[in-house]
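Asker: Structural data only, the sequence is not supplied:
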């Protein structure tokens with residue numbers, strides 16, 4: 001397993017506080033009692049009630065408030081894209097990052113609509129990007145290596161990307177982090193990580209990505225199977241991440257670990273950000289208690305990934321865009337869950353009779 005040193009980045013894998021230290025059983029009971037006392041039949045708000053309870057547990061309060069939400073999009077290119085695993089050329093990664101910064105991408109529109117601060121990390125885009133207030137230069141290298149020929153990252157590169165993600169979170173305010181990504185070829189890296197760390201057959205992990213046809217998916221699956229065979233020795237989470245992942249996925253792993261250590265609400269977007277959470281959860285399982293899974297997308301493997309993580313997604317809209325778009329679309333549900341918990345009247349305060357079966 002890779003060693004993550006304290007120097008020179010002054011960052012190490014954080015020891016996550018156990019929720020038991022905050023007596024979650026008592027807090028859970030108080031939250032549930034508060035939800036049950038609202039003017040509604042028991043459980044009638046369905047998954048929103050479970051969401052409100054989870055937010056209260058993450059933030060350690062009966063009255064959770066979401067403050068200064070941050071949408072962090074990590075971007076990088078993948079050497080494996082040279083093997084034809086994507087319907088789009090690698091140049092699109094840089095072009096889409098510029099689109100994010102110009103405000104024209106789906107995630108940019110949704111971030112504006114919902115008041116989410118958007119930050120883009122250039123973790124390894126194969127182009128020089130102009131300076132922008134929302135862009136941070138965290139370029140480890142101009143794209144990861146072709147994992148069909150060699151490890152995608154060296155140990156040092158993996159450490160650097162992990163550190164950049166953690167440092168970005170430390171520098172951002174707020175108590176909620178929404179995850180996003182951009183990188184042509186990164187559904188392949190996510191599929192590889194799911195197959196390796198989740199024990200899922202590669203054909204069940206591999207989908208159309210940016211729009212491959214059936215024949216393209218078959219070719220992609222064959223390439224990924226060969227990659228897994230080449231890196232058969234990379235079994236531990238960080239070994240697998242270095243061999244199979246990309247710079248943006250590694251940065252997301254670091255960001256998730258740091259956000260969990262800070263007890264931020266982590267809103268997981270789609271397949272690629274979910275793969276980063278899978279890696280992080282193999283290192284610190286308790287962080288899954290801090291995660292809200294935004295949606296189940298159309299990319300093959302996403303449903304299997306969510307099942308593996310024991311996650312219940314908020315939305316099922318057939319999304320397969322990435323960028324953090326699903327996390328942004330789900331965000332209003334988190335806001336509503338907190339508002340209902342805080343503002344909805346109880347039977348006692350409203351003078352409404354309760355069910356006789358209570």
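Answerer: Sure thing, it's come through. Everything numeric here is computed off the predicted structure, so don't read it as measured data. Numbers count the residues shown, from 1 in each chain.

Asker: what's around the closest residue to residue 38 other than its chain neighbours, how many residues?
Answerer: Of all residues not flanking residue 38 in the chain, residue 344 sits nearest, at 4.7 Å (CB to CB, 6 or more residues apart in numbering). C-beta here means a position set from N, CA and C on the backbone, and glycine is covered the same way. Other residues within reach of residue 344 by the criterion other CB atoms under 10 Å amount to 17.

Asker: now the helices for the protein?
Answerer: 24-36, 47-59, 91-102, 106-114, 155-171, 186-198, 202-205, 214-230, 237-244, 247-261, 271-283, 302-309, 325-343, 347-350 (DSSP state H).

Asker: In the helix or strand of the chain with the lowest mean pLDDT, which residues are buried?
Answerer: Of all regular secondary-structure elements in the chain, judged by mean pLDDT, DSSP states H and E, the least confident is helix 347-350 with a mean of 78. By neighbour count, and taking 16 or more other CB atoms under 10 Å as the criterion, the buried residues in helix 347-350 are residue 347.

Asker: Show residues contacting it.
Answerer: Residues from elsewhere that reach helix 347-350 (CB atoms under 8 Å, 6 or more residues apart in numbering): 37, 38, 39, 353, 354.

Asker: contacting residues around the third one?
Answerer: Think residue 39. Residue 39 touches 344, 345, 346, 347, 350, 352, counting by CB under 8 Å, 6+ apart.

Asker: What of the fourth one?
Answerer: By CB under 8 Å, 6+ apart, the contact set of residue 353 is residue 347.

Asker: count of residues packed around residue 249?
Answerer: Using other CB under 10 Å: residue 249 sits among 32 other residues.

Asker: Kindly report the same for residue 131.
Answerer: By the criterion of other CB under 10 Å, residue 131 has 7 neighbours.

Asker: And for residue 303?
Answerer: The number of residues packed near residue 303 is 16, by other CB under 10 Å.

Asker: I figured it was touching residue 296, is that so?
Answerer: Yes: between residue 303 and residue 296 there is a contact under CB atoms under 8 Å: 5.6 Å.

Asker: Packed most tightly, which of the helices of the chain would that be?
Answerer: With neighbours taken as mean count of other CB atoms under 10 Å, the helices of the chain reach their highest mean count in helix 247-261, at a mean of 30.

Asker: per-residue confidence averaged over that helix?
Answerer: The average pLDDT for helix 247-261 rounds to 96.

Asker: Please state the offset of that helix from the chain centre?
Answerer: Average the C-alpha atoms of helix 247-261, do the same for its chain, and the two points are 9 Å apart (CA atoms, centre = their mean, to the nearest Å).

Asker: Show me what that helix is packed against.
Answerer: strand 70-76, strand 117-124, helix 155-171, strand 176-182, helix 186-198, helix 237-244, strand 265-268, helix 271-283 (3 or more CB pairs under 8 Å, 6 or more residues apart in numbering; DSSP states H and E).

Asker: Low-confidence stretches in the stretch 51-200 of the chain?
Answerer: Flagging of the stretch 51-200 of the chain using pLDDT under 70 yields an empty set of residue ranges.

Asker: quick one on the thing from earlier: how about the contacts of helix 347-350, which pair is most distant?
Answerer: Using CB to CB, the two most remote members of those are 38 and 353, lying 14.0 Å apart.

Asker: if we can go back for a sec, how close does the residue nearest to residue 38 get to residue 49?
Answerer: As judged by CB to CB, to the nearest Å, residue 344 and residue 49 stand 11 Å apart.

Asker: do residue 177 as well
Answerer: For residue 177, the distance to residue 49 under the criterion CB to CB works out to 23 Å.

Asker: now residue 75, nearest residue through space, not along the chain?
Answerer: Taking CB to CB, 6+ apart, and ignoring the residues beside it in sequence, residue 75 has residue 182 as its nearest neighbour in space, at 4.2 Å.

Asker: residues contacting the one you found?
Answerer: Residues in contact with residue 182, defined by CB under 8 Å, 6+ apart, are 73, 74, 75, 93, 96, 97, 100, 248, 322, 323.

Asker: Over to residue 190?
Answerer: By CB under 8 Å, 6+ apart, residue 190 lies in contact with 205, 249, 271, 272, 274, 275, 301, 305.

Asker: Name the nearest residue to the fifth one, ignoring sequence neighbours.
Answerer: Just to be clear, that refers to residue 274. If you skip the residues right next to it in sequence, residue 274 has residue 305 as its closest partner in space, 4.9 Å away by CB to CB, 6+ apart.

Asker: List just the nearest of the contacts of helix 347-350 to residue 160.
Answerer: The shortest separation between residue 160 and any of the contacts of helix 347-350 is 48.2 Å, and it belongs to residue 38 (by CB to CB).

Asker: Below-threshold pLDDT in the stretch 201-350 of the chain: ranges please.
Answerer: Residues of the stretch 201-350 of the chain that meet the cut-off, pLDDT under 70, do not exist.

Asker: Now residue 283. Nearest residue, chain neighbours left out?
Answerer: residue 237 (5.5 Å).

Asker: Give me the distance from stretch 228-247 to the chain's centre.
Answerer: Per CA atoms, centre = their mean, the displacement of stretch 228-247 from the mean C-alpha position of its chain is 19 Å.
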